[in-house]
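K.L.:
got a predicted structure here, sequence first:
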Amino acid sequence: MKNKILFILAFLTLQFSVEAQDRELFERENFISEGDTLRYRILYPEGFKKNKKYPLILFLHGAGERGDDNAAQLTHGSDLFLKPEVRKKFPAIVIFPQAPKEDYWAKVEVDREVKPFEFNFKEEEGPTTSLQLVMALLNSVSAKKYVDKNRIYVGGLSMGGMGTYEIIYRQPEMFAAAFAICGGADPAIVKEYPVGFPIWIFHGEKDDVVPPAWSKTMAREINSHGGNAKLSLYPNDNHNSWDSAFSEPYLLPWLWAQRKNERNHK
């Protein structure tokens, strides 16, 4: 029994070290603007060539991954983009920025003293410092000749899902498509979304942190304003519905099929 436990511990340690090593393929970078610094990690496609064009994916992490280590933001989602079959079939430039502990992607007041949490969105006050930096970084990277301007995507989970909704509102002409996991937003912002904008929304029906009603409302409002929202609800998932979302076999094929120029001509 003792040997079996030691074997399992050794296996788990090896697996963790391999995952940590793989995540180092995401290069560590800092983006500085007007004295503020945004830490981020960036993954380039295998065999990256500056004379080719690649899709760009921006991923926004949740509140639990905030900090200044430029590592925690890779906890959820990064492993999907590191899979050998994904890197081969869906080559892209993938960016994971990190918000500091005291900031948020979305402009929102959060009451964590109750459960589910209560959210008061205040997007009319302007973006947070972290989202301002993300938008500036995105403008800088998307200007590169090797970025396909018609295939820029954004996604995120929880706090990052909220940031996803808000960044589409603030940069409506930037993205070809988006995915939002267990997030929410002031539904009034969808009036600024482009007509026909494709977004895939995910939520767990048992979520006791961010109620699934937020995602249901956003999907309904996006579609009622001419958008193209898909909604996937997981009946047995709590807040960690990102595990189910990242396991969706059609998520990346769906994302890759979206192109801004095609949407604009529909």
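P.N.:
Great, that's in hand. Residues are numbered from 1 along each chain as shown.
K.L.:
now do the SS call for Gln73.
P.N.:
The assignment at Gln73 comes out as helix when based on DSSP: H, G, I helix; E, B strand; the rest coil.
K.L.:
hang on, isn't it packed against Arg41?
P.N.:
Yes - with contact defined as C-beta atoms under 8 Å, Gln73 and Arg41 form a contacting pair (6.9 Å). For glycine as for every other residue, the C-beta is placed from the backbone atoms N, C-alpha and C.
K.L.:
which neighbours do those two have in common?
P.N.:
Taking C-beta atoms under 8 Å, 6 or more residues apart in numbering as the contact criterion, the common neighbours of Gln73 and Arg41 are 96, 98.
K.L.:
of the two, give the one with the bigger neighbour count.
P.N.:
More crowded of Gln73 and Arg41, by other C-beta atoms under 10 Å: Gln73, with 25 against 22.
K.L.:
that one and Gly183, how far apart?
P.N.:
When distance is defined by C-beta to C-beta, to the nearest Å, Gln73 is 16 Å away from Gly183.
K.L.:
same question for Leu60.
P.N.:
When C-beta to C-beta is the yardstick, Leu60 and Gly183 sit 9 Å from each other.
K.L.:
any shared contact partners between these two?
P.N.:
Contact with both Leu60 and Gly183 is made by residues 156-157, 159-161, 163-164, according to C-beta under 8 Å, 6+ apart.
K.L.:
how about JSON lines for the residues you listed, with neighbour count added?
P.N.:
Shown next, in JSON lines, are the shared contacts of Leu60 and Gly183 (neighbours: other C-beta atoms under 10 Å):
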{"residue": "Gly156", "neighbour count": "30"}
{"residue": "Leu157", "neighbour count": "32"}
{"residue": "Met159", "neighbour count": "25"}
{"residue": "Gly160", "neighbour count": "32"}
{"residue": "Gly161", "neighbour count": "33"}
{"residue": "Gly163", "neighbour count": "33"}
{"residue": "Thr164", "neighbour count": "29"}
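K.L.:
quick one, helices of the stretch 101-250 of the chain?
P.N.:
Assigned helices in the stretch 101-250 of the chain, in chain order: 129-142, 159-170, 213-224, 242-246 (criterion: DSSP state H, counting those that start in this stretch).
K.L.:
report the buried residues of the last one.
P.N.:
Across helix 242-246, burial judged by 16 or more other C-beta atoms under 10 Å covers 242, 244-246.
K.L.:
okay, those residues in CSV with pLDDT and distance to Val209 next?
P.N.:
Formatted as CSV, the entries for the buried residues of helix 242-246 read as follows, by pLDDT from 0 to 100; distance: C-beta to C-beta, whole Å:
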residue, pLDDT, distance to Val209
Trp242, 98, 12
Ser244, 98, 15
Ala245, 98, 15
Phe246, 98, 18
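K.L.:
with respect to Lys83, which of the residues you listed is nearest?
P.N.:
Nearest to Lys83 among the buried residues of helix 242-246: Phe246, at 10.2 Å, using C-beta to C-beta.
K.L.:
that closest one touches Phe81, doesn't it?
P.N.:
No - judged on C-beta under 8 Å, Phe246 makes no contact with Phe81 at a distance of 9.8 Å.
K.L.:
where does this structure have low pLDDT?
P.N.:
Applying pLDDT under 70 to the chain picks out residues 1-21, 262-266.
K.L.:
pick out the residue nearest the middle of it.
P.N.:
Centrality entry for the chain: nearest residue to the mean C-alpha point is Gly156, 2.4 Å, by C-alpha atoms, centre = their mean.
K.L.:
who's in contact with the residue lying closest to that residue once chain neighbours are set aside?
P.N.:
With C-beta to C-beta, 6 or more residues apart in numbering as the criterion, Gly156 has its nearest non-adjacent residue at 3.2 Å, and that residue is Leu60. Applying C-beta under 8 Å, 6+ apart, we find Leu60 in contact with 97, 105, 134, 154-157, 159-161, 163-164, 167.
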